[in-house]
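# below is the sequence, then the predicted model.
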Amino acid sequence: MTVGGIFLRLATAATLAFIYIPLFIIGLYAFNESTTQGWPISGFTTAWFGEAWRDEDVRAALWLSVKCGLAATAIALVLGTLASLAVARHRFFGREAISFLVILPIALPGIVTGMALNASYVRFGIDFGLMTIVIGHATFCIVVVYNNVIARLRRSSANLEEASSDLGADAWQTFRYVTFPQMRTALLAGGLLAFALSFDEVIVTTFTSGAEQTLPIWIFTNLARPEQLPIINVVALAVIVLSVIPVWIAVRLTREPTGAGGRAAAGAGH
Amino acid sequence: MTSVPYGDAPRREGPGRRVSSFFFHHPRVRLGALLASPLAWLGVAYLGSLAVLFLTAVWSVDSFTGDIVHEFTFDNFRTLWEEDVYRRITTRTVALAAAVTVTDALLALPIAYYMARIASPRTKAILVVAILTPLWASYLVKVYAWRIILAGQGPLNWALEPFGLTGPGYTTTGTWLVFTYLWLPFMILPIYAGLERIPNSLLEASSDLGAKGLGTFRRVVFPLAFPAIVAGSIFTFSLTLGDYITPQVVGNTNFIGNVVYTNVGVANNLPFAAAFATIPVLIMIVYLTLAKRAGAFENL
């Protein structure tokens, strides 16, 4: 093996360690027996999991996060699919602008999107709550569904849909028996990624949640309270697991890692 | 297509069929129906909100009542330009974003090169998932993990102690380290994709012509990968510019995001916050224009 080859292997291993060690440390601290956060950890316990589960605020926050995630995902699925069908299957003036518009909420710094929504809610007297959070989350989740579905539509030919029409199917039948089965896994993957994105979003949410607390907002507001740290550790581990599982399923479903990287590829139509 | 469920899909007559056939013969109407709701949401509601935000930037706050005064004024921008502290914060934020971007590019190149050109297809697939997963794992939890790691009694100081060193703690250096960590996957994936597109024949030609490994990298690989690096830098740069949580959790200095956040909340001066928030947007517009010229958009 050449010197360059050895260097690249070592660098790859070191980079992976750099990426994963902090995540493992969070995992370890969730089982930390002590209420202080010192290292090395003196003993292990699973007691904090029970404490976290019995904590009313944590449960309320978890439930709110799940509701927001589901609602935002549902809206993103509908709007993302409609936009991707329009862009992938039609030629029209302003087509590029649609792709740009879909990407904009995630391409701009989160603080800008958050403030823009905040300023509008205040301007038009909309009360902060579940709905205002969902509007914000749905806005930046559309791109994830859009990227996944449009990648699929670009690879599947429009000829099949034309053949279906030629054979006498109406638009609804063509959608149901031809277009939809082709998109199904892309939709599922897009939906899972949208849920993962919504579930741990914090920057836009701080501007749109008012007094409500999603799970990440709960973590953020409790960081300053030392007595809450053991519970935060457990919640942190739970949030990681709950956001990573949908991503793994989505990657398996699409078998196209770059398409699933909708977030990395946010500025993009793959 | 052998098993089309014919029984489930009878030739329908009636209003549904007529609507469907109308759409078929009027593609413009069909397009309109598809685009209506996404455009209403993003084009009207979202762009409208952005318009409200930027309009707010040229308003002001009545210092007695705290209400927003709807009169055109450039005072907010004048304050940003004239007061030393805001100029310093802007420079500091841009410098940090640049530092994070360069560090991420340096860290991402070796692993991306290994993934794209050396790893077996199987290893490559595993590595892509290994980089993609942490990219989606909760941002806030990752910042929190670093709060634990950088703590005085934390793992980093414990690991460095035998060498007589201490970690950066909650400082600007710590903030730089955490940002570098957070956005690294956003840099690795575009560079990996860019490197994978380079044809083998070019590298073979380079070595046939006598270039050593490093020479090939400098003269062939790097120039070809450059647009992909710029593509990745869009994320590392933009995400750092607007962030206010990381400096708050693992740092001790204010950046643009912190000042904006304080003005929305505690200081209750939305017009000033809006004015300051236009600065990262303007910087990003310039950055994106330059990135487009470098060919980065084909690598996104």
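Happy to help now that I have it. Numbers count the residues shown, from 1 in each chain, chains lettered A, B, ... in the order given.
# tell me which residues touch the closest residue to chain A within the stretch 201-300 of chain B, please.
Distances between the stretch 201-300 of chain B and chain A by Cβ to the nearest Cβ are smallest at B:Gly242, namely 2.2 Å. Heads up, the C-betas are built off the backbone N, CA and C, glycines and all. By Cβ atoms under 8 Å, 6 or more residues apart in numbering or on different chains, B:Gly242 lies in contact with A:Leu108, A:Pro109, A:Gly110, A:Ile111, A:Val112, A:Ile203, B:Ile256, B:Gly257, B:Ala277, B:Pro280.
# which one of those residues is nearest B:Tyr139?
A:Ile203 (8.0 Å; Cβ to Cβ).
# low-confidence regions, the stretch 1-150 of chain A specifically.
A:1 (pLDDT under 70).
# from it, which residue is nearest to chain B?
A:Pro109 (2.2 Å).
# pull out the buried positions in stretch B:219-238.
B:220-221, B:224-238 (16 or more other Cβ atoms under 10 Å in any protein chain shown).
# in helices only, show me these.
Per DSSP state H, helices hold the following members of the buried residues of stretch B:219-238: B:224-238.
# and chain A, which of the residues you listed reach it?
With Cβ under 8 Å from any Cβ of the partner chain as the criterion, these include B:Ala231, B:Ile234, B:Phe235, B:Ser238 near chain A.
# give the contact list for A:Ala158.
So A:Ala158 contacts A:Arg89 (Cβ under 8 Å, 6+ apart).
# can you add distance to A:Phe100 and give the ones next to chain A among the ones in helices among the buried residues of stretch B:219-238 back as JSON lines?
As requested, these are exported to JSON lines (distance: Cβ to Cβ, whole Å):
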{"residue": "B:Ala231", "distance to A:Phe100": "16"}
{"residue": "B:Ile234", "distance to A:Phe100": "14"}
{"residue": "B:Phe235", "distance to A:Phe100": "16"}
{"residue": "B:Ser238", "distance to A:Phe100": "15"}
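# what residues does the stretch 201-300 of chain B put near chain A?
Counting by Cβ under 8 Å from any Cβ, the stretch 201-300 of chain B sits next to chain A at B:213-214, B:231, B:234-235, B:238-239, B:241-245, B:249, B:257, B:260-261, B:264, B:270, B:273-274, B:277, B:280-281, B:284, B:297, B:300.
# and the helices in the stretch 51-200 of chain A?
A:56-89, A:95-107, A:110-123, A:130-155, A:159-166, A:171-174, A:180-199 (DSSP state H, counting those that start in this stretch).
# mind checking which of these is nearest B:Asn200?
Nearest to B:Asn200, of those and by Cβ to Cβ, is helix A:130-155 at 24.8 Å.
# is chain B contacted by that closest one?
Yes: using Cβ under 8 Å from any Cβ, we find that helix A:130-155 touches chain B at A:Ile135, A:Ala138, A:Thr139, A:Ile142.
# what's the neighbour count on the third one?
I take that to be A:Thr139. By other Cβ atoms under 10 Å in any protein chain shown, the residues close to A:Thr139 number 27.
# surely it touches B:Tyr46?
Yes: applying Cβ atoms under 8 Å, one finds A:Thr139 in contact with B:Tyr46, separated by 5.5 Å.
# shared neighbours, the two?
A:Pro105, A:Thr113.
# nearest the geometric middle of the chain, what residue?
Here I'm looking at chain A. Taking Cα atoms, centre = their mean, the centroid of chain A lies closest to A:Leu197, which sits 1.5 Å from it.
# my question was about chain B
B:Phe235 (2.9 Å).
# what number of residues lie near the closest residue to that residue other than its chain neighbours?
Spatial nearest neighbour of B:Phe235, excluding adjacent residues (Cβ to Cβ, 6 or more residues apart in numbering or on different chains): B:Phe186 at 3.9 Å. Look at B:Phe186: counted by other Cβ under 10 Å, it has 25 neighbours.
# from the contact counts, what lies against the strand or helix carrying B:Phe186?
Using DSSP states H and E, B:Phe186 maps to helix B:172-196. Applying 3 or more Cβ pairs under 8 Å, 6 or more residues apart in numbering or on different chains; DSSP states H and E, we find helix B:172-196 packed against helix A:3-29, helix B:84-113, helix B:121-136, helix B:139-150, helix B:222-241, helix B:245-250.
# so the residue nearest to the centre of chain B makes contact with B:Leu189?
No: counting by Cβ under 8 Å, B:Phe235 sits too far from B:Leu189 to count as a contact (9.4 Å).
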